[in-house]
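>>> let's see this in three dimensions:
(2 chains)
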Amino acid sequence: MNLEERTAYGDIGRKGLWENNTALVQLLGLCPLLAVSNTLVNAVSLALATVLVMALASGAVAALRTLIPYEIRIPVFILIIAALVTCLDLAFNAWLHELYLVLGIFIPLIVTNCIVLARVEAFAAKNSPLAAAWDGAAMGVGLLWVLALLGGARELIGAGTLFSGIDMIIPGAQALKVLGDDYPGLLIAILPPGAFILLGLLIAARNAWVARAAAARPAAPHAPVDTASA
Amino acid sequence: MYNSPYLRQNTSVRRVMVTVLVAMLPAIAMQVWLFGIGLLLQIAIASATALACEAAMLSLRRRPVARALGDGSALVTAWLIAVCLPPLLPWWMIVIGTSFAIIIGKHLYGGLGQNPFNPAMLAYCVLIISFPALMSQWPGLQGSDAATQLNWVLGGERALDAVTGATPLDALRTGLLGNADVSAVMQSPAFGHVAGAGWEWVALAWGAGGLLLLALRIITWHIPAAFLGAMALVSGVAWLIDPSHYASPAFHLLAGGTMLGAFFIATDPVSGATTPRGKLIFAAGIALIAWLIRAFGAYPDGIAFAVLLLNICVPLIDIKTQPPVFGHKVEPPDGGAR
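Predicted coordinates:
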């Protein structure tokens, strides 16, 4: 891998994790993001599944991109994604059954998550399999860390715990009662409004960060894609 | 923004806010007289929290702190939060509600004059969604002594069942769910002449304060009239159809937050509609949704949710009801609006 390629891969990674972050900048795939981010374990589990699907789907589509007729590419992409998600759904059901029951419909719904199709259409259909898989993984990890932050914050504020439900993945493990037994729990954080409010605060924090960084170096060669500078 | 011509009024934010605070005094006095002094401590906690959050947010936003603090708008929000909450809540709930109202409900949207939602109703909704059990504990009329009440607000051990009673709306809801009819439910001691025992006097005091605001031209007649008129209309129609399942209009007008909402909440000049016709639509919509929530919803009172729902509609309502500029051609009145 020469230097030029390496910078290209670094660029893909940086865009996925920060500059074009799916949850904070593109605001894509918010339905599962808001629905399952009520605890840290749920959020990270679904995000990991999404990372896996995005990497595999992007890689597979990129490998097949010369064979897929342009006119019917979207149905073909969806079929490829749906096949991968079905495998994952069955795997969850077999090996993480309790978690499967909690995440429920949101595992099969990864198929309809617009961020998966968006990366396949925008990147994988035009690039090499390796770059596409890396792009899918980077975008997925960008979603993962935001989901983890959101899920952790909602669980902590709403119930005062972290890692509740960890025993669904590691049998016998206990949730951390971070704020003690008599914490009353601000229920709204776990309910849907809490997801919107906290996501809004995260987006605002990112925008403030980007605006401050842009002000610090006015002649930055690489203008970040964000809504704050608009 | 839309209500030109810009007539000059000899008034200021500070004068308006202080007048509103004064107009709230009769109802606060009545509530203290009937239910005990817990409310006063609650007002003090809410006011202190609101001023602290206001000062913190103003300095974070690099705005002049002293001038904005002195306008009294944060105090009005704090007092409204304190009076609409059950009077014996633990202090930290009041702090959470008030700081949410000031920080997220007001300053994150741009501060005074920019907030699309009524901050006091945001605080109420956050608290009733988060702590539904505590939010339904209202002290009974026979009450408890001052020391006990203060102890509870400050977080002492609570023996609530001894002195709390259901609010009239709660009692009505529970009774109707148990297949009793309205007249049988109204025999319970929680009810007075037409609405809740004691609560009907508090409601009348809110009405008196509201009339003072009207007389001083702080608010116009549109919102209270449309609010109370629509509430009487929808509850009256339902009552005439089936008096055993729907409470009378008099009950709905004097129970829960109807009077407070009509004169002090919906009339918020920032989050409410501003055109005359828009005010009528806005207030009637709140009354309709509030009655629907009372009659069919999961919560006993729906004023707060109704106000927030109609707050979202305000930009649309204002654009659609903008009066023609003086001297321009008057468009033919459209059929749907009043």
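
>>> now do the spatially closest residue to A:Lys126 that is not a sequence neighbour against A:Glu121, distance only.
Leaving out its chain neighbours, the residue that sits closest to A:Lys126 by C-beta to C-beta, 6 or more residues apart in numbering or on different chains is A:Arg65, at 7.4 Å. Yep, even glycine has a C-beta here, placed from its N, CA and C like the rest. Spatial separation of A:Arg65 from A:Glu121 under the definition C-beta to C-beta, to the nearest Å is 11 Å.

>>> of the two, who's got more company?
In terms of neighbours (other C-beta atoms under 10 Å in any protein chain shown), A:Arg65 is the more surrounded of A:Arg65 and A:Glu121; the figures are 19 against 15.

>>> look up how far A:Gly158 lies from the residue of the stretch 1-150 of chain B found nearest chain A.
For the stretch 1-150 of chain B, the residue positioned closest to chain A under C-beta to the nearest C-beta is B:Ser130, at a distance of 4.2 Å. Between B:Ser130 and A:Gly158 the distance, using C-beta to C-beta, works out to 8 Å.

>>> who has more neighbours, the two?
B:Ser130 (25 against 21).

>>> got the contact list for that one?
B:Ser130 is in contact with A:185-188, B:96, counting by C-beta atoms under 8 Å, 6 or more residues apart in numbering or on different chains.

>>> then B:Trp79?
Residues touching B:Trp79, when contacts are defined by C-beta under 8 Å, 6+ apart, comprise B:21, B:24, B:28, B:43, B:46-47.

>>> surely the residue nearest to A:Lys126 touches A:Ser128?
No: at 9.2 Å, A:Arg65 does not count as touching A:Ser128 under the criterion of C-beta atoms under 8 Å.

>>> hmm, who's touching stretch A:47-61?
Residues outside stretch A:47-61 that contact it (C-beta under 8 Å, 6+ apart): A:29, A:32, A:68, A:77, A:80-81, A:84-85, A:88, A:92, A:107, A:110, A:113, A:115-116, A:119-120, A:123-125, A:129-130, A:132-137, A:139-141, A:143-144, A:147-148.

>>> buried ones in the host helix or strand of B:Val202?
Under the criterion DSSP states H and E, the helix or strand holding B:Val202 is helix B:199-215. If you call a residue buried by 16 or more other C-beta atoms under 10 Å in any protein chain shown, then helix B:199-215 has these buried ones: B:199-207, B:209-210, B:212-214.

>>> okay if I get those residues as a markdown table plus pLDDT?
Formatted as a markdown table, those follow (pLDDT from 0 to 100):
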| residue | pLDDT |
| --- | --- |
| B:Trp199 | 82 |
| B:Glu200 | 85 |
| B:Trp201 | 88 |
| B:Val202 | 89 |
| B:Ala203 | 91 |
| B:Leu204 | 92 |
| B:Ala205 | 93 |
| B:Trp206 | 93 |
| B:Gly207 | 94 |
| B:Gly209 | 94 |
| B:Gly210 | 94 |
| B:Leu212 | 94 |
| B:Leu213 | 93 |
| B:Leu214 | 94 |
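
>>> low pLDDT regions in chain A?
Residues of chain A meeting the criterion pLDDT under 70: A:1, A:218-230.

>>> how about a cut-off of 50?
A:228-230 (pLDDT under 50).

>>> tell me the helix or strand right after the host helix or strand of A:Val61.
When elements are defined using DSSP H and E, A:Val61 is found to belong to helix A:40-64. Next along the chain after helix A:40-64, taking DSSP H and E as the criterion, comes helix A:73-95.

>>> off-centre distance for that following helix?
For helix A:73-95, the separation from the chain centroid amounts to 17 Å (computed by C-alpha atoms, centre = their mean, to the nearest Å).

>>> domain map for chain B?
Here the domain parsing of chain B from automatic domain parsing is B:36-165, B:186-327.

>>> take those domains and write them to a markdown table, including distance to A:Leu179.
Converted to a markdown table, those look like this (distance: least, C-beta to C-beta, whole Å):
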| stretch | distance to A:Leu179 |
| --- | --- |
| domain B:36-165 | 13 |
| domain B:186-327 | 27 |
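
>>> mean pLDDT lowest for which of these?
Summarising mean pLDDT across these, the least confident stretch is domain B:36-165, with a mean of 84.

>>> contacting residues for the residue nearest the centre of chain B?
With distances taken as C-alpha atoms, centre = their mean, the residue of chain B nearest its centroid is B:Gly261 (3.9 Å). For B:Gly261, the contacting residues are B:227, B:286, B:290, B:303, B:307, taking C-beta under 8 Å, 6+ apart as the criterion.

>>> quick check, nearest of those to chain A?
Of all the contacts of B:Gly261, chain A sits closest to B:Val307, with 15.8 Å by C-beta to the nearest C-beta.

>>> how far does the strand or helix carrying that closest one sit from its chain's centre?
Under DSSP H and E, the secondary-structure element containing B:Val307 is helix B:303-320. When distances are taken as C-alpha atoms, centre = their mean, helix B:303-320 is centred 15 Å away from the chain's centroid.
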